[in-house]
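A.B. asks: Here is a sequence with its predicted model. Questions after.
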Amino acid sequence: MSTHGSDMKKIELDIVALSHSVTQSHNYAVVLGEKEGARRLPIVIGGFEAQAIAVAMERMTPNRPLTHDLFRKALQTFDIEVREVIINNLLDGIFYARLVCVRGDDEIEIDSRTSDALALAVRFKCPIYTFEFILEAAGVVLEDEEKEGGKSVSVASEDDEDEQTLADYSLDALSQLLNDALEREDYERAAEIRDEISQRRGTSS
């Protein structure tokens with residue numbers, strides 16, 4: 001996909017929701033939203049990557065470092081910081097991303113899967129950007145979702161975007177996260193998720 005002119009102005013995004021994908025039962029969707037706009041960019045990701053994003057957003061510390069924690073520690077050991085993440089292309093329905101890294105006065109760009117880039121952005125607390133042509137092609141405005149015949153994303157609560165907790169996830173998403181945590185032997189996280197599910201079911205009956 002070619003890009004031109006005003007399309008190349010960077011648009012900052014926030015992670016506004018992490019939810020179970022309606023169309024692909026074993027996947028999640030991470031929903032990014034324009035900081036200064038109404039459009040949302042839903043990106044389908046795998047369960048492992050969803051957990052990697054959720055763990056960092058909830059400031060949890062697994063007993064053993066996840067791959068993304070290891071990568072962050074390795075970069076920082078060599079004085080490399082991830083300054084920003086750019087979702088820079090969309091080809092055949094697949095999003096592409098780059099990590100913009102700095103070491104002293106040097107800037108290095110590294111190609112990355114978008115889900116990995118987002119998991120690192122949360123860990124480095126760095127901004128996430130994309131370009132207009134990507135939002136035009138794949139962005140949705142929430143009010144228009146029903147009219148458009150169902151985008152493949154179930155959007156979780158967007159209240160308290162800066163402090164997302166387990167309360168922000170749907171029961172389906174929590175169940176899947178619980179399964180993922182048990183498969184990874186992350187019992188501390190599994191216990192927290194199970195408590196949230198129990199509390200939710202208790203209050204909804």
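C.D. replies: Received the coordinates, thanks. Numbers count the residues shown, from 1 in each chain.

A.B. asks: which one is Asp111 nearest to, not counting chain neighbours?
C.D. replies: Arg98 (5.9 Å; CB to CB, 6 or more residues apart in numbering). Quick note: C-beta positions are derived from backbone N, CA and C, even for glycine.

A.B. asks: what's the spatially most central residue of the chain in contact with, if anything?
C.D. replies: The residue lying closest to the centre of the chain (CA atoms, centre = their mean) is Val30, at 4.4 Å. By CB atoms under 8 Å, 6 or more residues apart in numbering, Val30 lies in contact with 15, 17-18, 42-43, 45, 50, 53, 115, 118.

A.B. asks: gap between it and Glu81?
C.D. replies: 22 Å (CB to CB, to the nearest Å).

A.B. asks: so how far is the longest helix along the chain from its chain's centroid?
C.D. replies: Counting residues, the longest helix found in the chain (DSSP state H) is helix 187-204. How far helix 187-204 lies from its chain's middle: 22 Å, per CA atoms, centre = their mean, to the nearest Å.

A.B. asks: Would you mind pulling the contact partners of that helix?
C.D. replies: 55, 60, 62-63, 166-167, 171, 174-175, 177-178, 181-182.

A.B. asks: Closest to Met8 out of these?
C.D. replies: Comparing these against Met8 with CB to CB places Val55 closest, at 33.3 Å.
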